[in-house]
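Colleague: This is the structure alone, sequence omitted:
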């Protein structure tokens, strides 16, 4: 007669041998006592604590280890069962409280779990803000990507002073920043110089891990963030500011060989994100920062390219989770600027601080080296791009007739932060003549700086890239010729040619 128990037991023994349990006696021990302490893959750790402000407990604040989320009770007390496979417990900072900083300038919102102890207590003391954070700003700096002393010096002496001036001009006590990955370029010891730069800004930075911020001499993705975590804490987490809920995700998945990776959000993160979003009221503005964009126009511009490392393969599952929210995804990685509107999701793929890898003043789509400025007024989000060393009125570049080798009879406009809600026009003698035609093309200055086997001198492998923010027109007259761009928020920028 068929014995189901014997069949399963036999199957279990053979499977355990395949998994590496070469001793049949050890396999039998696992089957007979699968939950014994000696055989447990990780040990449970009970985390208790309290969230307070001025000594008084704060209720309904989320606390997480990256797997489960617990909420504080009416006295501010919380409890969750974590495990020895988890490294941090972090608070989901509620609106109205200060974002504290570590000594290195990054945000401080987490505590390190000591896996030697089965029970641990953590307390979080939150400091109330002096001013309402209902209206606030944040900066998005993607791909600082320093690889050597020269590039670190460029960051510290050119980019950071520009950021400092921007912070001074905004003059918002509740401003913060997000470092959107590739903080360094494989040289993880340069986190020291990166930290020096962000600390000099005086505002807290939330960090996103990029593919060049990882330890690659490991066997699987789980070990790639060791150095990053030592500086910045967990690789995915969330917080609140005003009426906006902010989330950071880790979407760089290492394949265990060389430096190969794909854009992918593992199930554990998605399961955690489900819990996190369950605490966020539908209709609210949700801002997710990750390094690899979930989707870009490059999929259409270069359909022959392998996109597994350039976009997130399981993005549709993320989009479904964001239904019902005003969702914005902020990304970097590509070294070009792209705005993608996909139903209820607006993805901002940002130009980079380092441009085309510190080879000159622009990214390889012609976007200036720089960063983004965001403003939240209640639940409404506004944004603009700030070129390093440029004024905020510099939102496009115009090239005269004959400058673009592929369109020699046309005037050319590169409006790098364009989306379909922008309006671009040209005027002759004060009279509006028409709208330039948008054509997928390369930026002519990028051709000049990047085209060919010997350019640019510092990164000879950089080449001009097609983009979807190039415009072309033929004026009837070049007398008193003006190009005007109006962004989706009604701001008008103009250039006299």
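Modeller: Looks like it came in fine. Predicted, not measured: the structure shown is a model, and the values here were computed from it.
Colleague: Spit out the contact partners of residue 206.
Modeller: Contact partners of residue 206, counting by Cβ atoms under 8 Å, 6 or more residues apart in numbering, are 106, 107, 176, 177, 178, 179, 239, 246, 248, 289. (Glycine included, C-beta is placed from N, CA and C.)
Colleague: JSON lines please, covering those residues and showing secondary structure and distance to residue 45.
Modeller: Shown next, in JSON lines, are the contacts of residue 206 (DSSP: H, G, I helix; E, B strand; the rest coil; distance: Cβ to Cβ, whole Å):
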{"residue": "106", "secondary structure": "strand", "distance to residue 45": "25"}
{"residue": "107", "secondary structure": "strand", "distance to residue 45": "24"}
{"residue": "176", "secondary structure": "strand", "distance to residue 45": "31"}
{"residue": "177", "secondary structure": "strand", "distance to residue 45": "33"}
{"residue": "178", "secondary structure": "strand", "distance to residue 45": "30"}
{"residue": "179", "secondary structure": "strand", "distance to residue 45": "30"}
{"residue": "239", "secondary structure": "strand", "distance to residue 45": "24"}
{"residue": "246", "secondary structure": "strand", "distance to residue 45": "27"}
{"residue": "248", "secondary structure": "strand", "distance to residue 45": "24"}
{"residue": "289", "secondary structure": "strand", "distance to residue 45": "29"}
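Colleague: could those residues go into CSV alongside neighbour count, pLDDT and distance to residue 401?
Modeller: Converted to CSV, these look like this (neighbours: other Cβ atoms under 10 Å; pLDDT from 0 to 100; distance: Cβ to Cβ, whole Å):
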residue, neighbour count, pLDDT, distance to residue 401
106, 21, 99, 49
107, 23, 99, 50
176, 20, 99, 45
177, 24, 99, 41
178, 25, 99, 41
179, 31, 99, 41
239, 22, 99, 50
246, 23, 99, 46
248, 25, 99, 46
289, 24, 99, 41
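Colleague: buried ones in stretch 47-66?
Modeller: 47, 49-53, 57-58, 61-66 (16 or more other Cβ atoms under 10 Å).
Colleague: Was I right to think residue 119 contacts residue 49?
Modeller: No: the pair residue 119 / residue 49 is not scored as a contact, 11.2 Å apart, by Cβ atoms under 8 Å.
Colleague: Packing partners of the longest strand that the chain contains?
Modeller: Using DSSP state E, we find that the single longest strand of the chain is strand 44-53. Identification of packing neighbours for strand 44-53 by 3 or more Cβ pairs under 8 Å, 6 or more residues apart in numbering; DSSP states H and E yields strand 62-64, strand 77-83, strand 88-92, strand 119-125.
Colleague: what lines up beside the first one in the sheet?
Modeller: Under the criterion DSSP bridges, strand 62-64 sits next to strand 69-71 (antiparallel), strand 88-92 (antiparallel) in its sheet.
Colleague: Looking at the ones you listed, which is nearest to residue 444?
Modeller: Taking Cβ to Cβ, strand 88-92 is the member of those nearest to residue 444, at 47.0 Å.
Colleague: ok, the next helix-or-strand element following that closest one: who's next to it in the sheet?
Modeller: Later in the chain than strand 88-92, the nearest helix or strand by DSSP states H and E is strand 110-112. Neighbouring strands of strand 110-112 in its sheet, by DSSP bridges, are strand 88-92 (antiparallel).
Colleague: Just the residues contacting the strand it pairs with, thanks.
Modeller: For strand 88-92, the surrounding residues in contact (Cβ under 8 Å, 6+ apart) are 47, 49, 51, 61-66, 69, 80, 82, 109-113, 122, 124, 126, 229, 233-234, 237-240, 276, 279.
Colleague: low pLDDT regions in this protein?
Modeller: For the chain, the stretches with pLDDT under 70 are 1-41.
Colleague: Spatially central, which residue of it would that be?
Modeller: Note on the chain: the residue nearest the mean C-alpha position is residue 290, at 3.0 Å, using Cα atoms, centre = their mean.
Colleague: In contact with it, which residues?
Modeller: Applying Cβ under 8 Å, 6+ apart, the residues contacting residue 290 are 180, 181, 208, 248, 249, 250, 251, 265, 312, 329, 330, 331.
Colleague: I'd say the first one and residue 141 touch.
Modeller: Yep, that's residue 180 we're talking about. Yes: counting by Cβ under 8 Å, residue 141 is a contact partner of residue 180 at 6.6 Å.
Colleague: which one of those two has more residues nearby?
Modeller: Higher neighbour count among residue 180 and residue 141: residue 180, with 31 against 27, using other Cβ atoms under 10 Å.
Colleague: gap between that one and residue 220?
Modeller: Distance of residue 180 to residue 220, given as Cβ to Cβ, to the nearest Å: 24 Å.
Colleague: and if you look at residue 175?
Modeller: 38 Å.
Colleague: Now do the contacts for residue 228.
Modeller: 188, 191, 207, 209, 213, 214, 215, 235.
Colleague: what do you get for residue 236?
Modeller: If you count contacts by Cβ under 8 Å, 6+ apart, then residue 236 has 66, 247, 248, 249, 250, 269, 272 around it.
Colleague: and if you look at residue 389?
Modeller: 158, 162, 361.
Colleague: This completes my enquiry, with thanks.
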